[in-house]
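A.B. asks: generate coordinates for the sequence data below:
(chains A and B)
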Amino acid sequence: MSFTAREWWGVIHGMGFGAVFLLSFAGGLAGLYSLKPGLITPEGVVERMRRLKVGVIAMAVAAWGTVLTGTWIVYPWYRAGDETSKPLSPKFQLTANPNTADWHNFGMEWKEHIAWLAPILATVVAFIVVYYGANLIRHDRVRRTAMTLFVMAFGFAAVAGALGAFITKVAPVR
Amino acid sequence: MMELEEHFEDKPEGPISAAIIAGGIGALALGVVTTLAEANETIKGWLELSKDVGPLSGKTIFAVVAWLVAWALLHSTMRTTRYETRRAFAIAMVLIVLGVIGTFPMFFQLFTGG
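C.D. replies: Residues are numbered from 1 along each chain as shown, chains lettered A, B, ... in the order given. Have a look, this model is predicted:
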């Protein structure tokens, strides 16, 4: 059981940074949802806000880690060479076969772009939580806006993650 | 709620609105530059800041720079204002939707070959 260096980077990108972001989403959303006046005392707010701030910042860092490792480390290996290279890189393996071409022409083309919206929106959410802090409790509309942006960030990351998992299944970077 | 008001000082919504709108601008920038790259080979060439990464390198750097510059400018003008986040969110949603459309392959590939 071993991985090549390239496979390790694929793991770090998708199952490291990417999975951390996607899996911690539920906790972050629950943390935002629970900031309601009737549910918390001022003492509880301090404890909960500290955890929420650390959580949303960590998620934004994970999202940035995902897109930076994906774009600047794994993607060059994915698209290396051309149609005549031996062996073919995953991109040219996919496009050489009409049955698999859309995994690149649609799947990777969408994934490589849409993924970048996740860290941008995750950073906006982190800023809202850090800047407003406990005021999110009395500004319910801002809290719900943060939750909506958070869900959108998750949605974009989930699309990119799913497409990445499928593409890796069909034509892995080795 | 009275206890919260005693413990935590309120802050204007301006900076939050600035951050939200800037996020939308970043999304729009990525959608626009992705579509332009598909439509025009010269622009596509300009965006190839890294040969290994290809035009995606320029697209993403442009989008991130656009987002950060927009955020800095909006924050400096809105940081003490009470600009409602509801309006900012509506603006950002339009920008994000346009950005998502611009990055959707079935849309930008309509412009291929320029």
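A.B. asks: where does pLDDT dip in chain A?
C.D. replies: A:39 (pLDDT under 70).
A.B. asks: pLDDT-wise, which helix or strand of chain B ranks last?
C.D. replies: helix B:2-7 (a mean of 52; mean pLDDT, DSSP states H and E).
A.B. asks: C-terminal to that one, what's the next element?
C.D. replies: Heading C-terminal from helix B:2-7, the first helix or strand you meet, by DSSP states H and E, is helix B:14-39.
A.B. asks: quick one: list the elements packing against that following helix.
C.D. replies: helix A:117-132, helix A:140-170, helix B:41-47, helix B:55-78, helix B:85-102, helix B:105-108 (3 or more CB pairs under 8 Å, 6 or more residues apart in numbering or on different chains; DSSP states H and E). For glycine as for every other residue, the C-beta is placed from the backbone atoms N, C-alpha and C.
A.B. asks: residue contacts, residue 14?
C.D. replies: By default, I'm working from chain A. A:Thr66, A:Gly70, A:Gly161, A:Gly164, A:Ala165, A:Thr168 (CB atoms under 8 Å, 6 or more residues apart in numbering or on different chains).
A.B. asks: not quite, I wanted chain B
C.D. replies: Contact analysis of B:Gly14 by CB under 8 Å, 6+ apart lists B:Met78, B:Arg79, B:Thr80, B:Thr81, B:Arg82, B:Tyr83.
A.B. asks: and the fifth one, its phi and psi?
C.D. replies: Going back to what we said before, that points to B:Arg82. When read as degrees, to the nearest 10, the backbone of B:Arg82 gives phi -110, psi 40.
A.B. asks: roughly how far does it sit from A:Ile128?
C.D. replies: In this structure, B:Arg82 and A:Ile128 are 16 Å apart, going by CB to CB, to the nearest Å.
A.B. asks: what about these two, which has more around it?
C.D. replies: A:Ile128 (28 against 9; other CB atoms under 10 Å in any protein chain shown).
A.B. asks: give the contact list for that one.
C.D. replies: Taking CB under 8 Å, 6+ apart, one finds A:Leu136, A:Val142, A:Thr145, A:Ala146, A:Leu149, B:Ile16, B:Ala19, B:Ile20 in contact with A:Ile128.
A.B. asks: pretty sure the fifth one is touching B:Gly23, no?
C.D. replies: Yes. Checked against CB atoms under 8 Å, the pair A:Leu149 and B:Gly23 is within contact range at 7.2 Å.
A.B. asks: who touches both of those two?
C.D. replies: A:Leu121, A:Val124.
A.B. asks: okay, those two: which has more neighbours?
C.D. replies: B:Gly23 (29 against 24).
A.B. asks: quick check: that one touching B:Met93?
C.D. replies: No. In this structure B:Gly23 lies outside contact range of B:Met93 using CB under 8 Å: 10.3 Å.
A.B. asks: check B:Arg79 and give its pLDDT.
C.D. replies: With respect to pLDDT, B:Arg79 scores 88.
A.B. asks: adding distance to A:Met1 and neighbour count, write the contacts of A:Gly14 out as a markdown table.
C.D. replies: A markdown table is the format used below for the contacts of A:Gly14 (distance: CB to CB, whole Å; neighbours: other CB atoms under 10 Å in any protein chain shown):
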| residue | distance to A:Met1 | neighbour count |
| --- | --- | --- |
| A:Thr66 | 25 | 28 |
| A:Gly70 | 24 | 25 |
| A:Gly161 | 24 | 21 |
| A:Gly164 | 22 | 23 |
| A:Ala165 | 20 | 12 |
| A:Thr168 | 17 | 18 |
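A.B. asks: tell me the one among those residues nearest to chain B.
C.D. replies: A:Gly70 (10.0 Å; CB to the nearest CB).
A.B. asks: show me what contacts that closest one?
C.D. replies: Contact analysis of A:Gly70 by CB under 8 Å, 6+ apart lists A:His13, A:Gly14, A:Glu112, A:Ala115, A:Gly164.
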